[in-house]
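Chemist: my questions concern the predicted model and sequence given below.
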Amino acid sequence: MKLSTLIPIVAFISTISAAPAAAPAVTSPPQAAPTDGNNWSTYPSVAKTASINGFADKIYDQLPSCAQPCVRKDTRVTPCPYWDTGCLCVMPQFAGPIGDCIASACKGDKVKTATSLATSICSSAGVWEPYWMIPPSVSKSLSVAAEATD
């Protein structure tokens, strides 16, 4: 590599190391660095299989029937393994369509039950607050549907 190429890189590194660090908008709980070369070792232990997906499996039977088809979404829209609950919970491209489906298919207490179960499964997987990461527009749709009468 030429010296003329390195000088701007060194100058850039000096600039960013001297600047105060901005606090991130959303932070996750501190995690210990994996020492065994297994990057999954820092996550809560979860079964590496699922009959539907890691998000749906534990709550499916408790969901109102109107919400059950909604959680059967394809996980390939995410970089997550299909069994990884925590990863799926933080993916708005996965959680958003589930929330939209629930808001369209369910009303009132059924929306509240489904939303509570989604939040609970994500919290139990070790996801930080707000636990179930849905876009603001989906949150609004769920709120409207939760206020509607069955």
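Modeler: Received, thanks.
Chemist: point out where the protein drops to low pLDDT.
Modeler: 1-47, 150 (pLDDT under 70).
Chemist: if we go to 50?
Modeler: Low-confidence segments of the chain (pLDDT under 50): 1-34.
Chemist: what ranges do the strands span in it?
Modeler: When assigned using DSSP state E, the chain turns out to have no strands.
Chemist: quick one, helices of it?
Modeler: In the chain, the helices defined using DSSP state H lie at 3-18, 85-89, 92-105, 109-124, 136-147.
Chemist: need those in TSV (columns: distance to Phe55 and mean neighbour count).
Modeler: Just so you know, the C-beta spots here come from the backbone N, C-alpha and C atoms, and that holds for glycine as well. Listed next are the helices of the chain as TSV, based on distance: least, CB to CB, whole Å; neighbours: other CB atoms under 10 Å:
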stretch	distance to Phe55	mean neighbour count
helix 3-18	37	9
helix 85-89	4	25
helix 92-105	7	20
helix 109-124	7	20
helix 136-147	15	16
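Chemist: out of those helices, nearest to Thr49?
Modeler: Closest approach to Thr49 among the helices of the chain is made by helix 85-89 (12.2 Å; CB to CB).
Chemist: and the closest one, what does it pack against?
Modeler: helix 92-105, helix 109-124 (3 or more CB pairs under 8 Å, 6 or more residues apart in numbering; DSSP states H and E).
Chemist: which residues touch that helix?
Modeler: Applying CB atoms under 8 Å, 6 or more residues apart in numbering, the external contacts of helix 85-89 come out as 43-44, 46, 53-55, 58, 75, 78-81, 94-95, 121-122, 125-127, 131-133.
Chemist: returning to that earlier point: so which of the helices of the chain gets nearest Pro69?
Modeler: Nearest of these (CB to CB): helix 92-105, 7.2 Å.
Chemist: quick check: angle from that closest one to helix 109-124?
Modeler: Orientation of helix 92-105 against helix 109-124 (axes from the mean of the first three to the mean of the last three CA atoms, to 10 degrees) gives an angle of 160 degrees.
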